[in-house]
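> Structure for the following, please:
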Amino acid sequence: MHTHAHGMEAITRRGGWRGLVIAGALAVSAWAGNPAATGAPAKMPAFTLPDLEGKERKSSEFLGKAVVVDFWATWCETCKETIPKLAELSRKYQGKGLTVLGISVDKGSGEKVKKVAAKMGINYLVLHDKENTMGKAFGFSGIPSVYVFDRKGNLTRALPGFDPEQESQLALAAEKAL
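Alright, predicted model coming up:
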């Protein structure tokens, strides 16, 4: 406690509250740009999940490709705003080695997910994680959550609780991952 109080005094003495605000802003921006700070994995976790046709798909299929992983659900309104942006990203970079992968965490049958995916114009692979087995592995507790992995499987950007306003950050991260 003694050190903390001295630290606060030193900050306010040197730069006043402005210094404290700047220090706080730097800490927040470092956290936002640091995937490890979000609890996200450093590498793409291994998984096997069914696609919407029922075929088992493994994470190993995506080795050597840059991958954007989006966790979503049919009932999530923000997810519905995010999907067109991901579809655009898929269209723009698919030929350059980017794979967009949607992972639905809807409970129950994949039929509803399949219908919503078609209605929403999803042009990328959708897997169904009806038991939300990947939440812990990816380190998220809410959706939508978006993760960008480079061709070596390294996490380059984590956007848990992704907001459509972060579209430019996502596009830049996807380009860098290529």
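> end-to-end on stretch 69-80?
Start-to-end span of stretch 69-80 (CA to CA, to the nearest Å) is 15 Å.
> Name the residue closest to the centre of the protein, please.
residue 146 (1.6 Å; CA atoms, centre = their mean).
> Who are the packing partners of the helix or strand where that one lies?
According to DSSP states H and E, residue 146 maps onto strand 145-149. Applying 3 or more CB pairs under 8 Å, 6 or more residues apart in numbering; DSSP states H and E, one finds that strand 145-149 contacts strand 66-72, strand 155-160, helix 167-177. (Glycine included, C-beta is placed from N, CA and C.)
> sec struct for residue 140, please.
Counting by DSSP: H, G, I helix; E, B strand; the rest coil, the backbone at residue 140 sits in coil.
> Show me which residues of the strand holding residue 146 are buried.
By neighbour count on 16 or more other CB atoms under 10 Å, the buried set for strand 145-149 is 145, 146, 147, 148, 149.
> Turn the helices and strands packed on strand 145-149 into JSON lines, columns for mean neighbour count and mean pLDDT.
JSON lines is the format used below for the helices and strands packed on strand 145-149 (neighbours: other CB atoms under 10 Å; pLDDT from 0 to 100):
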{"stretch": "strand 66-72", "mean neighbour count": "25", "mean pLDDT": "95"}
{"stretch": "strand 155-160", "mean neighbour count": "22", "mean pLDDT": "88"}
{"stretch": "helix 167-177", "mean neighbour count": "17", "mean pLDDT": "79"}
